[in-house]
Structures are given as C-alpha cells and as structure tokens.
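Student: Structure, please.
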Amino acid sequence: LGFDASSHVKEVNQIWASFTFVLGVLIVFRTNQAYSRYWEGATLLLQVRAEWLNATSSLIAFCTSEDSLRDEKVRFQHQLVRLMSMLYCAALQNVALVLDEQMELIDFEGLDPGSIKYLKECGERCDVLCHWIRRLVVEGMATGVIPVPPPILTRVFQELSRGIVNAKDVQKIAEFPLPFPYTQLIVVMLIVQSIVTPMLGAVQGSNPVLAFIVTFVSVFVLWCMNYVAAELEQPFGEDFNDLPIPKMMAGMNERLEVLMQEQAQRPPFFEFHAGMHQLKLVNCQQKGYTSTKSFVEGFCKVRSISPSPSYIYNRSSSNFALLLASEGSASDKASATSGNASPRLLAPVSLRSPSKLGALQQLEEGGGSRELGGGALVFDADGGGGGGGGGNRGAFVGWISD
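Tutor: Residues are numbered from 1 along each chain as shown. Model (predicted):
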C-alpha cells in the first residue's frame, strides 16, 4: 500500500513538538509578565510611601521655631500626619483585596466630621486628600508656620505629585490584568497537551515506566508554570505569595509616629574639639550601633511560617544567641533559669528590638526577674539580688519569646 509508518510517526512528532514549543513560549511570556507586574507593584508601593514620607519629613523640618507659633505648629504637624496616614491607606485600598479591618491608620479624631463624611462618600479619596494637604501647606505658609522660601517648598509639592503618579501606576496593575485571550488560549492548549501527550507516549514509548515519567513531568511542569504566573499576576490580595499590604500600612504609621517624636525633630548636640579633625572608624558592635533591619517580616510574622525563636543573653560575655523553641526542652529551660547548666546554643544573632534591649539593660542593673512586653520572662541566673551595674557579674540567662 506504500504506507511508511516510521515516516508518519516522525511527522506527528514534529507537529507535536511545534505545538509544545508554542505552548511553552506562551507560558513563558505569561510568567514574565506576571513576575514584572509583581515586582513593579511592590516597587511602586514602596516609592509611594517613600515620596510621601519625605514630603512629611520636609514639612515638619520646615516648621518655625518661634515660641509664639508653637500651638499652631503642633496643630499643623498633627493634622499633617493624620492626613498622610489616611492618604496612604486610601492608596492601598484602591489596589488591595484586603479586608478593611486588617488596615490601620492614625486616628483622625479632631478633624471636622463634615469633611470626614464627604471623604467617605467620595470616590477619589487620594485626589481629595492630596489636595487637602496642599491647601494645608499653603495655609501654613500664610500663617508663618512654614517660613521657608517658595522655591524650596516646591520640592514638597513635587514629592506629593510623584507619589500620586506612582499610586495611579499601581492602580493600573490592579485594574488591568493580562488580556483574557492569552490566558484562555494557554488553558485550552494545556488541556489538549495533557490529553494527547500521554497517548503519544503510550503508542511510541518502548518502556512504559519511562514513558509515564517523561509524560507526567512535561505536563506537570507546564501546568505549574501557568499556576505560578496566575498567582503572581495579582499581588495585592491575601494569599501567601501576595504583598504584605497591612504590614506596609503599619510601617507607614510607625514612621509617621517617629517623625512626631520631639527628639526626632531636633538634631543632636555635638561637642567638637581639636582632636576630631582626623576622622576615625569604629566598630558598629562596640558602639552599640547594631542593625535594626528585619528581613521579610511581613511574610514570616504575619503568615507564621517560621518557628517562634527565643533569645539567650549571656551578661558576662555580652553575647546573644538564638535557640529555636522546637529545639529546647523544658529541662533545658529550667536548668538555664536556675543557673545550673547552660542550654545548647545555636546561631548567634543580635537582639534587634530596642524595647527588649532596654529591658535587658534595666534588668542587668537591678537583678532578679521581670516580665517584658508580650508576656516573656527574663531570669537572673545568679539567683536574683545583685545591685547596680557594677555588682553581680556572673552568668546571666534571659528567655525572651519573640
């Protein structure tokens, strides 16, 4: 009959290889777009926060130092930080699929109820709040609260404008997904590939086990890449792989609160003498200028995917060490608190919480055991007592639940 089975199989393989190649290109395209959308969204949200924080910091720094305008200055600063907190919250609410009870902002008590009612009913809160802040700055210039030349003050308006533009760019990512024909075509081709590939493997494969493994892996990998792309395309939700929107809002509020602290608003006094002409370098650890960064805090603490650690502090050597809660037994902790034995220490770390560090220093001066924030206990392994900082220099072990 002139039928060449081997040539026919070869043609089928070529056609199927072309089909798989096109499918792979489409999935890679979707994954690249999703990855770009994810990181662009994260970058823009951080840029929005940075621009508006810089504007707030500049306005607080520009405030007058005259005692006659102190009340007006304090009122201006408090009104400013409340409006800034509301502005960033409104920007996040425009893009995030997060419940409102998970978002926190600085209490706007003191603002007139009529304006708050108008803002709640308004569809463009970001634009209204940004306009309110601009008007607040202009009124501050007129009353003498901000006694700086207008050319310098224009930087504040530029930062407000850049923040609004970045917020609109984030809104573009949230409101305009990948075109539906792309996703529809990819899903249809994946279904076809999942049906046909096992059939071709069963017909052409000489080893059933090898044919099953190759077929399963090829189909499984393509489906996984498609689901990864679908997960990253909308990074403003509540899934594990989405951006920590509530933590970003909390970070904005924390930074605004820091800017309102009196000690943050005045530079430190500097006593200069002739020996300081030559600059010298010092070790950060020796000077107590330790790191305050916290990696992926929003992912680890909010989503609780890491075990709760405990910190152990040895007063005699001034070293910190980390003991995971899952690694330490009750007998280890009991012996550690009694001072009879030392628990097994793991990787050394630095205690990054200033409040806990201050509590440890107070405890070292007074001795005994005290309770810190969060219900954690610190014990003096020397058996309590011990007067001021100079006495009682034995081994000290403190357990602080993070």
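
Student: give me the low-pLDDT residue ranges for the stretch 201-350 of the chain?
Tutor: Low-confidence segments of the stretch 201-350 of the chain (pLDDT under 70): 292-350.

Student: Please enumerate the helices of it.
Tutor: 208-233, 245-260, 284-287, 297-303, 330-338 (DSSP state H, counting those that start in this stretch).

Student: and the ones you listed, which is most packed in?
Tutor: helix 245-260 (a mean of 18; mean count of other C-beta atoms under 10 Å). C-beta here means a position set from N, CA and C on the backbone, and glycine is covered the same way.

Student: Figure out how far it is from the centre of its chain.
Tutor: Here helix 245-260 is found 11 Å from its chain centre; the criterion is C-alpha atoms, centre = their mean, to the nearest Å.

Student: possible to save the helices of the stretch 201-350 of the chain as JSON lines with distance to L59?
Tutor: Below are those laid out as JSON lines (distance: least, C-beta to C-beta, whole Å):
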{"stretch": "helix 208-233", "distance to L59": "37"}
{"stretch": "helix 245-260", "distance to L59": "10"}
{"stretch": "helix 284-287", "distance to L59": "32"}
{"stretch": "helix 297-303", "distance to L59": "28"}
{"stretch": "helix 330-338", "distance to L59": "50"}
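
Student: can you tell me which of these comes nearest to L160?
Tutor: Of all the helices of the stretch 201-350 of the chain, helix 245-260 sits nearest to L160, with 14.7 Å by C-beta to C-beta.

Student: what sits against A230?
Tutor: Neighbouring residues of A230 by C-beta atoms under 8 Å, 6 or more residues apart in numbering: A34, T183.

Student: gap between it and S36?
Tutor: 15 Å (C-beta to C-beta, to the nearest Å).

Student: repeat for L190
Tutor: As judged by C-beta to C-beta, L190 and S36 stand 22 Å apart.

Student: neighbour count winner among those two?
Tutor: The neighbour comparison of L190 against S36 (other C-beta atoms under 10 Å) goes to L190, with 18 against 13.

Student: Surely the more buried one is in contact with Y227?
Tutor: No. Between L190 and Y227 there is no contact under C-beta atoms under 8 Å: 10.2 Å.

Student: Tell me which of the helices of the stretch 201-350 of the chain lies nearest to P113.
Tutor: helix 245-260 (22.2 Å).

Student: contact partners of the closest one?
Tutor: For helix 245-260, contacts defined as C-beta under 8 Å, 6+ apart pick out 45-46, 49, 52-53, 56-57, 60, 77-78, 81, 84-85, 88-89, 92, 96, 98, 102-106, 236, 264-265, 297-298, 302.
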